[in-house]
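*Asks:* generate a structure from the sequence data that follows.
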Amino acid sequence: MPNSFVVSQQTTIAREIVLNGVGVHSGAQVSMVLHPAEADVGHRFMVTRRGRIVAEIPAHVDQVKNLTLCTVIGDDDGNTVGTVEHLLAALRGLGIDNCYIEIEGHEVPIMDGSSQAFVNAIDKVGLRELSAPRRFIKVLKPIRVEDGDCWGELAPHSGFHLDVQIDFDAAVIGSQRYKSEISPGVFRNELSRARTFGFMSDVEKLWKAGLALGASLDNSVAIGDGRILNPEGLRYPKEFVRHKMLDAVGDLALAGYPILASYRSRRGGHRLNAHVLKALFADQDAWTLVDAPRVREPAYTRTPASIAQVSMVAAAAGK
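*Replies:* All right, here's what the predicted structure looks like:
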């Protein structure tokens with residue numbers, strides 16, 4: 001089959017997606033609808049109360065309000081949406097540039113504690129190409145943030161590579177490291193099902209403080225008495241560090257565009273991820289915005305999953 005020239009374009013979901021679940025911290029029921037969006041909208045939360053939109057909050061690091069137990073974004077009027085990281089990871093991980101997220105509640109539903117439910121719902125409806133070229137934030141020089149023995153660093157790279165390491169005193173977790181070039185296929189198969197995790201002793205303290213009211217074995221990997229309490233065990237080898245990598249994909253989605261960079265993280269989390277992004281944007285010489293150029297691609301390979309992979313490589317070559 002002859003080759004054809006194609007423009008790597010922005011994407012959105014093909015049609016709306018309705019999702020319902022429980023907020024992990026509030027324990028309240030949450031209704032959420034993902035809507036297709038036009039080019040250059042990005043990921044935008046539309047907070048509703050009794051069917052009326054009361055706030056529009058772009059998923060950007062400038063909107064971050066809290067990073068204690070999850071990533072919370074909000075506006076200057078006090079409207080917030082929490083636990084956004086797993087949904088944003090699914091959107092960015094699958095190469096979706098634009099989406100309106102209509103949400104009735106204060107946090108994204110936890111679902112099973114991973115991105116799997118969001119990925120499955122997106123795969124069911126598919127992606128739609130838009131007319132505008134995809135845009136990338138291209139990192140031009142290393143940016144590093146240290147916090148005690150924790151550190152994170154963005155460095156120039158031709159794609160999007162993550163290298164995440166965690167260290168816990170608990171033997172059931174210990175020291176784990178996972179690194180990979182991130183593509184829709186890798187995200188879907190190697191990261192999306194990795195669940196959030198916690199220690200029962202910590203969860204019990206949170207319950208007493210009125211937090212983590214929706215946490216259960218249905219949406220978390222629980223650790224107690226030196227063992228994993230979930231009857232089914234783990235979904236992946238090194239599921240703990242894979243979940244931290246999933247979180248990093250979601251937190252780095254708060255750049256507002258896909259990133260061309262390598263990201264290394266040691267003993268990090270939501271706070272470190274966000275602070276690295278803030279440090280990047282604080283240095284105007286550390287990054288630039290680039291459009292994906294035209295690339296030659298066999299027409300028969302233009303599937304939704306391949307669009308993001310091809311455009312990422314193309315943008316890296318186009319500066």
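
*Asks:* can you give me the helices for the stretch 51-200 of the chain?
*Replies:* 85-93, 116-125, 184-186, 200-208 (DSSP state H, counting those that start in this stretch).

*Asks:* and the second one, what does it pack onto?
*Replies:* What that stands for is helix 116-125. strand 17-22, helix 85-93 (3 or more C-beta pairs under 8 Å, 6 or more residues apart in numbering; DSSP states H and E). For every residue, glycine as well, the C-beta is placed using N, CA and C.

*Asks:* also the third one?
*Replies:* The contact analysis (3+ C-beta pairs under 8 Å, 6+ apart) places helix 184-186 against helix 304-317.

*Asks:* chain center to stretch 93-110: distance?
*Replies:* Centroid separation for stretch 93-110 versus its chain: 10 Å, with C-alpha atoms, centre = their mean, to the nearest Å.

*Asks:* deepest in the core, which of the helices of the stretch 51-200 of the chain is it.
*Replies:* helix 85-93 (a mean of 28; mean count of other C-beta atoms under 10 Å).

*Asks:* just the angle for that one relative to helix 116-125, thanks.
*Replies:* Angle of helix 85-93 versus helix 116-125, following axes from the mean of the first three to the mean of the last three C-alpha atoms, to 10 degrees, is 40 degrees.

*Asks:* just the C-alphas of helix 85-93, formatted as PDB.
*Replies:* Taking Å, rounded to 0.1, in the frame of the first residue of the first chain, the C-alpha atoms of helix 85-93 are listed here in PDB:
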ATOM      1  CA  GLU A  85      -4.700  12.100  38.600                       C
ATOM      2  CA  HIS A  86      -6.100   8.700  37.600                       C
ATOM      3  CA  LEU A  87      -8.500  10.200  35.000                       C
ATOM      4  CA  LEU A  88      -5.900  12.600  33.600                       C
ATOM      5  CA  ALA A  89      -3.500   9.700  33.400                       C
ATOM      6  CA  ALA A  90      -6.000   7.800  31.200                       C
ATOM      7  CA  LEU A  91      -6.600  10.800  29.000                       C
ATOM      8  CA  ARG A  92      -2.900  11.700  28.500                       C
ATOM      9  CA  GLY A  93      -1.800   8.100  28.400                       C
END
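
*Asks:* roughly how far out does that helix sit from the chain middle?
*Replies:* On the basis of C-alpha atoms, centre = their mean, helix 85-93 sits 3 Å off its chain's mean C-alpha point.

*Asks:* pull out the buried positions in stretch 124-137.
*Replies:* By neighbour count on 16 or more other C-beta atoms under 10 Å, the buried set for stretch 124-137 is 127-130, 133-137.

*Asks:* and for stretch 246-265?
*Replies:* Buried, per 16+ other C-beta under 10 Å, within stretch 246-265: 246-265.

*Asks:* low-scoring stretches of the protein, by residue?
*Replies:* Residue ranges of the chain with pLDDT under 70: 1-7, 293-319.

*Asks:* quick one: end-to-end distance for stretch 10-24.
*Replies:* Chord length of stretch 10-24, first to last residue, is 32 Å (C-alpha to C-alpha, to the nearest Å).
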